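Novice: Turn this into a model:
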Amino acid sequence: MNYPIYLDYNATTPCLEEVVETMLPWFGQHFGNASSKSHPYGWVAEEAVEAAREHIANLIGAKSKELIFTSGATEAINLAIKGIFEYYHPEHQHYITCQTEHKAVLDTFKSLEKKGTEVTYLPVNQYGEISVEELEASIKPYTKMIALMWANNETGLIHPMDQVKKIAEKHHLILLTDAVQAAGKIPIDVNGVHLMAISAHKMYGPKGVGVLYIRHNHPLPKPLPLIEGGGHEKGFRSGTLNVPGIVGMGKAAEIAGRKMMSESLRTEKLREQLEQGILMIPGTSLNGSPASRLPHVSNIAFEGVEGEELLRKINKFVAVSSGSACSSISPKPSHVLTAMGLASELGRSSIRFSLGMNTSEQDILNCIEHVQKVMQELRG
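Specialist: Residues are numbered from 1 along each chain as shown. Presented below is the predicted three-dimensional model:
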């Protein structure tokens, strides 16, 4: 198949060849169950899992024993939020999050609201930024958690996590962060964080595996398990471990740690080139903060064109999206852009470009040329 240029790395990334090669023996030659404690097949698999756990821990500044493997970030987020809710149940509880969070967070909180939980959804300004003063003012005597993503998946905005950490610490609150888009792209660490979700397939690892960091040696509680049946992963998440996937995630984390800084500089330079070319088109504007954002993400609004037609024509030659991969089939405008105050029409005609390791300067030049051509066609 003749694929278009891929500029949708926030939706998913390709498995690096080195990652695939590292995974392959664990499908056949080393097929043991990591929970089989009585023979070498299990021992070897368990050693591989623990080595991967160490690589991932190094990437985020954690201890390996604090990482719980899951099927992905959505499960990790559900475990974090619902597990804390169950810990405090039947107390009346209050949680603080943000209107621009990923649906994995927002939908989970919506389900808890049906059970009587109180949730504050912080608004954002035109750049997608929260007010840390408003965050602190929202805290109540029965607040249990602040849930705030490290970096936004649609605009790339990076939240002021250092300030948020201080607020959580000051008020003795659990801090959960969805660090899916940040991990492996920018330096992050778990200092001051109690729960952190990351995913392998956003950093050149396989789909179907993720991690929940759970802070140890702290008086604040840990989540109760949602999946039981064998006590795997220290009792937090039962089920046979996906050894090939975990090995792949470990390798991806190791590579990300080595390449993060150089790749960040490279993609930021390409993104600037992309924006210079596209923002020359009349009626285009950048969505989000031009300063505090991930180096590889650009979200651009195209005025005066119909959103679905724009996306369809651009995707013939350049694979991009109008928002989160989990919501991209919806004709509705992105909830992130709506929260930032964009009109519905402009929200629907906004496109997220996200660059990655395979993006070349020629890809960017070809993308600019194609977008310019599409806009000329649509505007007659």
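Novice: was I right about residue 215 contacting residue 190?
Specialist: Yes: if you go by Cβ atoms under 8 Å, residue 215 and residue 190 touch, sitting 7.0 Å apart. The C-beta positions use only the backbone N, C-alpha and C, and glycine is treated the same way.
Novice: Next, show the common contact partners of these two.
Specialist: residue 66 (Cβ atoms under 8 Å, 6 or more residues apart in numbering).
Novice: out of those two, which sits in the busier spot?
Specialist: Using other Cβ atoms under 10 Å, the more surrounded residue of residue 215 and residue 190 is residue 190, with 22 against 19.
Novice: Enumerate every residue touching the spatially closest residue to that one that is not a sequence neighbour.
Specialist: Distances taken as Cβ to Cβ, 6 or more residues apart in numbering place residue 62 nearest to residue 190, at 4.7 Å, with adjacent residues excluded. By Cβ under 8 Å, 6+ apart, the residues touching residue 62 are 56, 190, 196, 213.
Novice: With respect to residue 94, which of those residues is nearest?
Specialist: The nearest member of these to residue 94, counting by Cβ to Cβ, is residue 196 at 21.3 Å.
Novice: Pretty sure the closest one sits against residue 179.
Specialist: Yes: using Cβ under 8 Å, residue 196 is in contact with residue 179, at 5.2 Å.
Novice: residues shared between the contacts of those two?
Specialist: residue 60.
Novice: what are the ranges of the strands in the stretch 201-350 of the chain?
Specialist: Along the stretch 201-350 of the chain, counting by DSSP state E, counting those that start in this stretch, strands occupy 210-214, 284-286, 297-302, 318-319, 350-354.
Novice: got the buried residues for the longest helix seen in the chain?
Specialist: Ordering each helix of the chain by length in residues (DSSP state H) puts helix 243-278 first. With burial defined by 16 or more other Cβ atoms under 10 Å, the residues of helix 243-278 counted as buried are 243-257, 260, 263-264, 266-268, 270-271, 274-275, 277-278.
Novice: Specify the angle between it and strand 350-354 in degrees.
Specialist: 120 degrees (axes from the mean of the first three to the mean of the last three Cα atoms, to 10 degrees).
Novice: Can you pull out the low-pLDDT segments for this structure?
Specialist: Counting by pLDDT under 70, the low-confidence segments of the chain come to 323-331.
Novice: care to break it down by domain?
Specialist: Following the assignment in automatic domain parsing, the chain carries domains at 5-12+260-378, 17-254.
Novice: quick one: contacts for residue 162?
Specialist: By Cβ under 8 Å, 6+ apart, the neighbours of residue 162 are residue 192.
Novice: Under a three-state scheme, what state does it occupy?
Specialist: Three-state assignment for residue 162 (DSSP: H, G, I helix; E, B strand; the rest coil): helix.
Novice: still on that earlier bit, quick check: of the contacts of residue 62, which lies closest to residue 101?
Specialist: Ranked by distance to residue 101 (Cβ to Cβ), the contacts of residue 62 are led by residue 196 at 14.2 Å.
Novice: What pairs with the helix or strand that closest one falls within, parallel or antiparallel?
Specialist: Assigned by DSSP states H and E, residue 196 belongs to strand 195-199. Each strand paired with strand 195-199, and its direction, by DSSP bridges: strand 174-178 (parallel), strand 210-214 (antiparallel).
Novice: Am I right that residue 367 is in contact with residue 6?
Specialist: No: here residue 367 lies out of contact with residue 6, judged by Cβ under 8 Å, at a distance of 10.3 Å.
Novice: buried ones in stretch 39-49?
Specialist: So for stretch 39-49, counting by 16+ other Cβ under 10 Å, buried means 44-46, 48-49.
Novice: Just the CA atoms of that stretch, as CSV, please.
Specialist: Coordinates of each C-alpha in stretch 39-49 appear next as CSV, following Å, rounded to 0.1, in the frame of the first residue of the first chain:
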residue,chain,number,x,y,z
HIS,A,39,11.4,-23.7,36.4
PRO,A,40,13.8,-21.8,34.1
TYR,A,41,11.1,-20.9,31.5
GLY,A,42,9.4,-18.7,34.1
TRP,A,43,12.6,-17.5,35.7
VAL,A,44,14.0,-16.2,32.4
ALA,A,45,10.7,-14.5,31.6
GLU,A,46,10.6,-12.9,35.0
GLU,A,47,14.1,-11.6,34.6
ALA,A,48,13.2,-10.0,31.3
VAL,A,49,10.2,-8.3,32.9
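Novice: need the contact list for residue 356.
Specialist: With contacts defined as Cβ under 8 Å, 6+ apart, the neighbours of residue 356 are 6, 9, 13, 267, 296.
Novice: From residue 267, how far off is it?
Specialist: 7 Å (Cβ to Cβ, to the nearest Å).
Novice: and for those two, which residues touch both?
Specialist: With Cβ under 8 Å, 6+ apart as the test, residue 356 and residue 267 both reach residue 296.
Novice: Can you report how many residues lie near residue 3?
Specialist: So residue 3, with other Cβ under 10 Å, has 6 neighbours.
Novice: now the strands for the stretch 51-200 of the chain?
Specialist: Under DSSP E, counting those that start in this stretch, the stretch 51-200 of the chain gives strands at 67-70, 94-98, 118-122, 143-147, 174-178, 195-199.
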